[in-house]
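Enquirer: return a 3D structure for these sequence lines:
(2 chains)
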Number of protein chains: 2
Amino acid sequence: MKTEQKVHHFSSGIKLESGAGLDSFNLIVETYGELNSGKSNAVLVCHAFSGSHHAAGSASTDKKAGWWHELIGPDKAIDTNKYFVVAPNNLGSCFGSTGPTSHCEKTDDYYGKDFPDISVLDWVNSQEMLQKKLGINAWACVLGGSLGGMQALQWAITFPDKVKKAGIIAAAAKASSQNIALNEVARESIRKDINFYEGDYLKKGLFPKSGLKAARMLAHITYLSEDSMNDRFGRKMQDSDSKVGETVDYQVENYLQYKGEKFSEEFDANSYILMTKAMDSFDPAKKFNNKLDEALKNIKAKLLIVGFKTDWLFPVDRSKEIQLAAMKANIASSYLELDGVQGHDSFLFRTERYENNIKTFLGS
Amino acid sequence: MKTEQKVHHFSSGIKLESGAGLDSFNLIVETYGELNSGKSNAVLVCHAFSGSHHAAGSASTDKKAGWWHELIGPDKAIDTNKYFVVAPNNLGSCFGSTGPTSHCEKTDDYYGKDFPDISVLDWVNSQEMLQKKLGINAWACVLGGSLGGMQALQWAITFPDKVKKAGIIAAAAKASSQNIALNEVARESIRKDINFYEGDYLKKGLFPKSGLKAARMLAHITYLSEDSMNDRFGRKMQDSDSKVGETVDYQVENYLQYKGEKFSEEFDANSYILMTKAMDSFDPAKKFNNKLDEALKNIKAKLLIVGFKTDWLFPVDRSKEIQLAAMKANIASSYLELDGVQGHDSFLFRTERYENNIKTFLGS
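Expert: As a prediction, this is how the structure comes out:
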């Protein structure tokens, strides 16, 4: 699989939904496969909250597996023999695209807390600038799970002529009150970390790691299903030899402690806040009197909406809501409900039915 | 309603399940109604995680309403014209019974982090000492919701001759992996508060308020249902005039911030850790090869098991598990499933069906 990584610079900057803007910005992008001569085989994949441009490729000694490597690759659901897969890291994230950890020319310092608010629409607008730069008139498909699914939906709404298909997976047309509440607890943990300094930690050379860790531990629970946690950890006690800390009794505690700790070494606290706020504020129906079908009525792309029965972060009812609105708006849309034993995280893992449905959708 | 509050001192101390012990301890207790001459009308109510001995009575200018005031009182579900209701505060809590904030005679200091681990069985054992002290041979009923329901179940198992009926409401026979995980995130927030000092904060005159606040915000979400949050808060924005802080956008954020802050002023961090650990470790079937029906087989009390459909902390399947085990063990047991619009917290609120069923159960 031909794999390339490139940082694209946009010197014209971007005007953001909030009214603020960036004078210039970078998007780091990985691509898989090759663009055909008609430039008609490009598939944009949008990452979820903590994802990155590294979407495909197996793990190696010096690199983690891509977050969607079970789905992207030769002969896989998103077949890189056929498609040119484009995976950018989102604006405001912390893996190479411009975000709070980037250098701001104006202030000659980290952006930090002064990085402007970002919305799902801003991401889509920046991705459209990337699309232009790549000379692609229309994506064969835009696909994403979770927050990535929100971007896929926004793409279909905002650029009806620039996307042929959109796969909206394990997503929702808006965050629920509970979603916002859970994000707020995570943000609260980060903000109250003694090293947060109201977002100015980088300027002091500090990192609010313990707040980030608690935030991730909580988020991680929401990505799994109760059953999958019971199957995997149940009430099993952790061996004292392999405990990450004295306070740990159960395996599930050890696992969360470990995962949280690792995440806190990789992610940026301001990006965490910014990206959860983007998720909270996503609500394309808002401008249409809360009528989602009105928001969807100009869509030309074919939609595939996928929900997982064990997902309690964005339960299947949220997916059905999109499907029902699409039907009301006379949009070509299919709805697929999968068992998905891993809860919300199911969108990351291959199953035969999941793979076949995405293949069929892309090939249709 | 005759209401009395009393601190009972137990100078003989208590041996705890962990092997540790307390040389002496206090239980603060509120009682409602009057004990009859045969001492046969006493009902023990066991509080949930953050409850107290103040179980009944309406709110007044200087006092909050009792946590179960919708159910306890004259002509209410637990009718104080008929029953003498006994409501102790649990050992290890922080509202007047001996706990981490109490003075330890041996060290002449706060117990703090040195307060021993407490289990649900320890609570029941301490309540049985209270029962003796009150001269009551058998409770007409032991009732509790959530962690209180766990105590009611343990009562029926441990003292088959000392409890006639047990009402196990919105509870489970053991914490799930997800329950433990959520508790661990809360504990992590508390432990990492800069003022926690590994549990020794009181000796320094400090309080890990921000950790407690985040812990409570999270717990609060688990007490509500997604639907009840959507109905109450939805995606409504908070008025800027009434925001508790600059970072708040949505009403649900404001509400959680407010509730968390208030809780952090009232609760003790070591008690939080201790009581969640007690919940995590509750598992009466463990000694019986994980066969719950074996654990229940000596029960003589009639059981009423109540689950609420919107409860996702202890979903109805956990209640059904107890009912099925009781049936297998040939215990007289009824199972009641209620809609309960408030999620897990539904056990706190009166509905006609809930009230009637408890009345019928107590009167049967």
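
Enquirer: what about the helices in chain A?
Expert: Here chain A has its helices, by DSSP state H, at A:120-133, A:147-158, A:177-191, A:209-223, A:226-232, A:251-266, A:269-281, A:292-296, A:316-328, A:352-363.

Enquirer: could you dump those helices into JSON lines with distance to residue A:164 and mean neighbour count added?
Expert: (Glycine included, C-beta is placed from N, CA and C.) Output for the helices of chain A, formatted as JSON lines (distance: least, CB to CB, whole Å; neighbours: other CB atoms under 10 Å in any protein chain shown):
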{"stretch": "helix A:120-133", "distance to residue A:164": "12", "mean neighbour count": "20"}
{"stretch": "helix A:147-158", "distance to residue A:164": "10", "mean neighbour count": "28"}
{"stretch": "helix A:177-191", "distance to residue A:164": "30", "mean neighbour count": "25"}
{"stretch": "helix A:209-223", "distance to residue A:164": "30", "mean neighbour count": "25"}
{"stretch": "helix A:226-232", "distance to residue A:164": "34", "mean neighbour count": "17"}
{"stretch": "helix A:251-266", "distance to residue A:164": "35", "mean neighbour count": "20"}
{"stretch": "helix A:269-281", "distance to residue A:164": "25", "mean neighbour count": "24"}
{"stretch": "helix A:292-296", "distance to residue A:164": "16", "mean neighbour count": "20"}
{"stretch": "helix A:316-328", "distance to residue A:164": "16", "mean neighbour count": "19"}
{"stretch": "helix A:352-363", "distance to residue A:164": "10", "mean neighbour count": "16"}
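
Enquirer: could the ones you listed go into TSV alongside mean pLDDT and distance to chain B?
Expert: Compiled in TSV, the helices of chain A are given as follows (pLDDT from 0 to 100; distance: least, CB to the nearest CB, whole Å):
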stretch	mean pLDDT	distance to chain B
helix A:120-133	98	14
helix A:147-158	98	14
helix A:177-191	97	4
helix A:209-223	97	4
helix A:226-232	94	4
helix A:251-266	97	4
helix A:269-281	98	7
helix A:292-296	98	13
helix A:316-328	98	9
helix A:352-363	98	24
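
Enquirer: make TSV out of the ones you listed and add distance to residue B:211.
Expert: Output for the helices of chain A, formatted as TSV (distance: least, CB to CB, whole Å):
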stretch	distance to residue B:211
helix A:120-133	32
helix A:147-158	28
helix A:177-191	9
helix A:209-223	9
helix A:226-232	24
helix A:251-266	15
helix A:269-281	17
helix A:292-296	39
helix A:316-328	32
helix A:352-363	40
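
Enquirer: now the residue nearest to residue A:359 when sequence neighbours are not counted: phi and psi?
Expert: Distances taken as CB to CB, 6 or more residues apart in numbering or on different chains put residue A:77 closest to residue A:359, at 5.6 Å, once the chain neighbours are dropped. Dihedral angles of residue A:77 (phi, psi; degrees, to the nearest 10) stand at phi -50, psi -50.

Enquirer: can you tell me which residues contact residue A:77?
Expert: Residues near residue A:77 by CB atoms under 8 Å, 6 or more residues apart in numbering or on different chains: A:71, A:350, A:354-355, A:358-359, A:362.

Enquirer: let's see 10 Å
Expert: A:68, A:70-71, A:143, A:167, A:350-351, A:354-362 (CB atoms under 10 Å, 6 or more residues apart in numbering or on different chains).

Enquirer: tell me how far it lies from chain B.
Expert: For residue A:77, the distance to chain B (CB to the nearest CB, to the nearest Å) stands at 29 Å.

Enquirer: pretty sure residue A:25 sits against residue A:14.
Expert: Yes - using CB atoms under 10 Å, residue A:25 is in contact with residue A:14, at 6.1 Å.

Enquirer: what is in contact with those two at once?
Expert: In contact with both residue A:25 and residue A:14: A:91, A:98, A:126, A:129, using CB under 10 Å, 6+ apart.

Enquirer: max pairwise distance over those residues: which two?
Expert: A:98 and A:129 (12.4 Å; CB to CB).

Enquirer: okay, and the common contacts of those two?
Expert: What both residue A:98 and residue A:129 touch, as defined by CB under 10 Å, 6+ apart, is the set A:10, A:14, A:25, A:27.

Enquirer: give me the subset of the residues you listed lying in strands.
Expert: Among the shared contacts of residue A:98 and residue A:129, the ones falling in strands (DSSP state E) are A:10, A:14, A:25, A:27.

Enquirer: so which bits of the stretch 51-200 of chain A are right by chain B?
Expert: Selection of the stretch 51-200 of chain A residues close to chain B by CB under 10 Å from any CB of the partner chain yields A:174-195, A:198.

Enquirer: repeat the analysis, applying 8 Å as the threshold.
Expert: Taking CB under 8 Å from any CB of the partner chain as the contact definition, the stretch 51-200 of chain A meets chain B at A:174-178, A:180-182, A:184-185, A:187-189, A:191-194.

Enquirer: list the contacts of residue A:160.
Expert: A:298-301.

Enquirer: and what of residue A:89?
Expert: A:27-29, A:47, A:52-53, A:95-97 are the contacts of residue A:89 under CB under 8 Å, 6+ apart.

Enquirer: with respect to residue B:36, which of those is nearest?
Expert: Using CB to CB, the contacts of residue A:89 come closest to residue B:36 at residue A:47, 67.5 Å.

Enquirer: my guess is the closest one contacts residue A:150. True?
Expert: No - in this structure, residue A:47 is not within contact of residue A:150 by CB atoms under 8 Å, at 11.3 Å.

Enquirer: which neighbours do the two have in common?
Expert: In contact with both residue A:47 and residue A:150: residue A:144, using CB under 8 Å, 6+ apart.

Enquirer: domain ranges for chain A?
Expert: A:3-174+A:283-363, A:179-276 (automatic domain parsing).

Enquirer: any chance of the ones you listed in TSV with distance to residue B:285 as columns?
Expert: Below are these laid out as TSV (distance: least, CB to CB, whole Å):
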stretch	distance to residue B:285
domain A:3-174+A:283-363	25
domain A:179-276	10
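
Enquirer: can you tell which of the ones you listed is closest to residue B:272?
Expert: domain A:179-276 (13.0 Å).

Enquirer: chain neighbours aside, what residue packs nearest to residue A:174?
Expert: residue A:283 (4.1 Å).

Enquirer: need the pLDDT of residue A:61.
Expert: For residue A:61, the model assigns a pLDDT of 84.

Enquirer: what's around it, how many residues?
Expert: 4 (other CB atoms under 10 Å in any protein chain shown).

Enquirer: swap in the one 10 residues further on?
Expert: When neighbours are counted by other CB under 10 Å, residue A:71 registers 26.

Enquirer: what does the one 10 residues further on give?
Expert: As a burial measure, the neighbour count of residue A:81 was computed by other CB under 10 Å and equals 11.

Enquirer: which one is it nearest to, not counting chain neighbours?
Expert: Per CB to CB, 6+ apart, closest to residue A:81 is residue A:74, 5.1 Å.

Enquirer: wait, doesn't the one you found sit right on residue A:1?
Expert: Yes - counting by CB under 8 Å, residue A:1 is a contact partner of residue A:74 at 5.6 Å.

Enquirer: for these two, indicate the residue with more neighbours.
Expert: residue A:1 (15 against 11).

Enquirer: quick check: neighbours shared by residue A:74 and residue A:1?
Expert: With CB under 8 Å, 6+ apart as the test, residue A:74 and residue A:1 both reach residue A:80.

Enquirer: my read: residue A:282 touches residue A:118, true?
Expert: No - between residue A:282 and residue A:118 there is no contact under CB under 8 Å: 11.1 Å.

Enquirer: ok, the nearest residue to residue A:204 once chain neighbours are set aside - contacts?
Expert: Setting aside the residues directly before and after it, residue A:204 is nearest to residue A:197 in space (CB to CB, 6+ apart), at 5.9 Å. Residues near residue A:197 by CB under 8 Å, 6+ apart: A:203-204, A:206.

Enquirer: nearest to residue A:260, of those residues?
Expert: residue A:206 (18.3 Å).

Enquirer: how long is stretch A:134-146 end to end?
Expert: Distance between the two ends of stretch A:134-146: 25 Å, counting by CA to CA, to the nearest Å.

Enquirer: I appreciate the help and will end here.
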